[in-house]
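1. got a sequence here, can you build the structure:
(4 chains)
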2 protein chains.
Amino acid sequence: MSYGAARYEQIVAKLEAAGHRITPQRLCIVEALLASDRHPSAEEIFAQVRLISPTTSLATIYKTLDTLKSLGEVLEVESWDNRTHFDGLRPSPHPHIVCTGCGRIDDIDLQGVSALQSEAERVSGFKVDEQRLEFYGRCLKCQETTAANMA
Amino acid sequence: MSYGAARYEQIVAKLEAAGHRITPQRLCIVEALLASDRHPSAEEIFAQVRLISPTTSLATIYKTLDTLKSLGEVLEVESWDNRTHFDGLRPSPHPHIVCTGCGRIDDIDLQGVSALQSEAERVSGFKVDEQRLEFYGRCLKCQETTAANMA
DNA sequence: GTGGGTGCAAAGGATTTGCACCTCC
DNA sequence: GGAGGTGCAAATCCTTTGCACCCAC
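-> Numbering: from 1, shown residues only, chains lettered A, B, ... in the order given. I've put the predicted structure just below:
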């Protein structure tokens, strides 16, 4: 977790700076949040945390994620499964692409995004301060699987 | 409801063509769905339908919206309020812009969308077949309100 | 006549909340 | 020591489901 390590420190520092206590549960949750780039759900973070801290409750997961959200250190991503997924690695809004086959969620960087947002503001007269850009489709692996099944 | 009238006939025809029965409840729901371009929630459609057909249940609303969804005649839009909103006027995927002040949801047409989707496919290797593009901000009216409050 | 549709009530599932206890600072 | 955090259980909220009755075709 080389990329994650710096990010981990960053989040912990932000918690402290905001006057929040550093508890073992929170450290565990932050670690679980950063452990994968697949954007875990609360339930997945819970399962991960439980391995190390077996008494932690799901309520605490949600409360901590809420705290991190309000600090701007975590981003919510809507997935395909009616569950909220969380992105702690890249907390600023950015597009995601969700595989409807295997459920993986990838970050993507798109040049066109800021232009699109400006266009949205111009067309609507709104002042935009948040965006949710999600694409749904099949990842490379799942495209192969489908192709194989069809053969 | 000049625009709505044609669309209304179109949806009813689609229901019939698919072998679904035309019931007074369904007609009422379709009408309520098209009555506003503000993308009603199930609850809002329910309230509207109740005015004319007071025994209709919320379950029927959901079932009918499900049917229309499966016929491709209605689009789901995620709003700010954790409720699903419905777009029966323009059932093909398109961007929306949600006002975080008053909750209104507007359709917008953006030139850049298809380019963005191509870019997403190129960058990720995914085959995209659905998109959700939503901007959140303040509509003109709510910008004024905020400005007034600050003065 | 009959199979799909309706309406009630109850279930479902993700998320939240209340509250007594605990622990980090 | 005390405010903030935790964990349990219960509550909430939107949405779905089961099932007996009904009505559009």
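2. and the helices in chain A?
-> A:2-17, A:24-34, A:42-52, A:58-70, A:113-124, A:140-150 (DSSP state H).
3. buried sites along the first one?
-> By neighbour count on 16 or more other C-beta atoms under 10 Å in any protein chain shown, the buried set for helix A:2-17 is A:G4, A:R7, A:Y8, A:I11, A:V12, A:K14, A:L15. The C-beta positions use only the backbone N, C-alpha and C, and glycine is treated the same way.
4. how about that helix and DNA strand D, touching?
-> No. Helix A:2-17 is not in contact with DNA strand D by C-beta under 7 Å from any atom of the strand; minimum separation 7.7 Å.
5. show me what that helix is in contact with.
-> Contact with helix A:2-17 is made by A:1, A:21-22, A:26-27, A:30-31, A:34-35, A:67-68, A:71, A:73, A:88-89, as judged by C-beta atoms under 8 Å, 6 or more residues apart in numbering or on different chains.
6. farthest-separated two in the buried residues of helix A:2-17?
-> A:G4 and A:L15 (15.9 Å; C-beta to C-beta).
7. what residues does chain A put near DNA strand C?
-> A:16, A:21-24, A:41-43, A:58-59, A:62-63, A:66, A:82-84.
8. need the contact list for the spatially most central residue of chain A.
-> Computing the C-alpha centroid of chain A and ranking residues by C-alpha atoms, centre = their mean puts A:D87 first, at 1.7 Å. For A:D87, the contacting residues are A:H39, A:V74, A:L75, A:E76, A:V77, A:H96, A:D107, by C-beta under 8 Å, 6+ apart.
9. per-residue pLDDT, the residue nearest to it when sequence neighbours are not counted?
-> Nearest residue to A:D87 in three dimensions, chain neighbours excluded: A:L75, at 4.2 Å (C-beta to C-beta, 6 or more residues apart in numbering or on different chains). The model reports A:L75 with a pLDDT of 95.
10. wait, A:L75 sits on A:L89?
-> No. If you go by C-beta atoms under 8 Å, A:L75 and A:L89 don't touch, sitting 9.1 Å apart.
11. any quick PyMOL command for the buried ones out of the contacts of helix A:2-17?
-> Provided next is the PyMOL selection string for whichever of these are buried by 16+ other C-beta under 10 Å:
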select buried, chain A and resi 26+27+30+31+34+67+68+73+88+89
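12. got the residues of chain A near DNA strand D?
-> A:19-21, A:23, A:25-26, A:53, A:55-57, A:59-60, A:63-64, A:67.
13. pick out the most distant pair among those.
-> A:G19 and A:T55, at 25.2 Å, using C-beta to C-beta across the residues of chain A next to DNA strand D.
14. count the residues that sit near A:E130.
-> 13 (other C-beta atoms under 10 Å in any protein chain shown).
15. next one: it relative to DNA strand C, how far apart?
-> 17 Å (C-beta to the nearest atom of the strand, to the nearest Å).
16. tell me where the model's unsure across chain A.
-> A:1-3, A:150-151 (pLDDT under 70).
17. repeat that with 90
-> Low-confidence segments of chain A (pLDDT under 90): A:1-5, A:78-82, A:145-151.
18. need the longest strand for it.
-> For chain A, the strand with the greatest residue count under DSSP state E is strand A:127-138.
19. ok, it: who's next to it in the sheet?
-> Paired strands of strand A:127-138, with direction, are strand A:96-99 (parallel), strand B:127-138 (antiparallel) (DSSP bridges).
20. adding distance to B:A148, write the helices of chain A out as TSV.
-> Below are the helices of chain A laid out as TSV (distance: least, C-beta to C-beta, whole Å):
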stretch	distance to B:A148
helix A:2-17	34
helix A:24-34	40
helix A:42-52	39
helix A:58-70	27
helix A:113-124	21
helix A:140-150	51
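21. closest one to B:V49 among these?
-> Nearest of these (C-beta to C-beta): helix A:113-124, 29.5 Å.
22. how much space separates A:T145 from DNA strand D?
-> In terms of C-beta to the nearest atom of the strand, A:T145 sits 26 Å off from DNA strand D.
23. now do the contacts for that residue.
-> Counted by C-beta under 8 Å, 6+ apart, A:T145 has contacts A:G101.
24. how about 6 Å then?
-> Contact analysis of A:T145 by C-beta atoms under 6 Å, 6 or more residues apart in numbering or on different chains lists nothing.
25. distance of it from A:C102?
-> Going from A:T145 to A:C102 by C-beta to C-beta, to the nearest Å gives 9 Å.
26. before we move on, what about A:V113?
-> Taking C-beta to C-beta, one finds A:V113 at 25 Å from A:C102.
27. ok, now A:K63?
-> Distance from A:K63 to A:C102, by C-beta to C-beta: 30 Å.
28. close to chain B, is stretch A:114-125?
-> Yes. Applying C-beta under 6 Å from any C-beta of the partner chain, one finds stretch A:114-125 in contact with chain B at A:A115, A:L116, A:E119, A:A120, A:V123, A:S124, A:G125.
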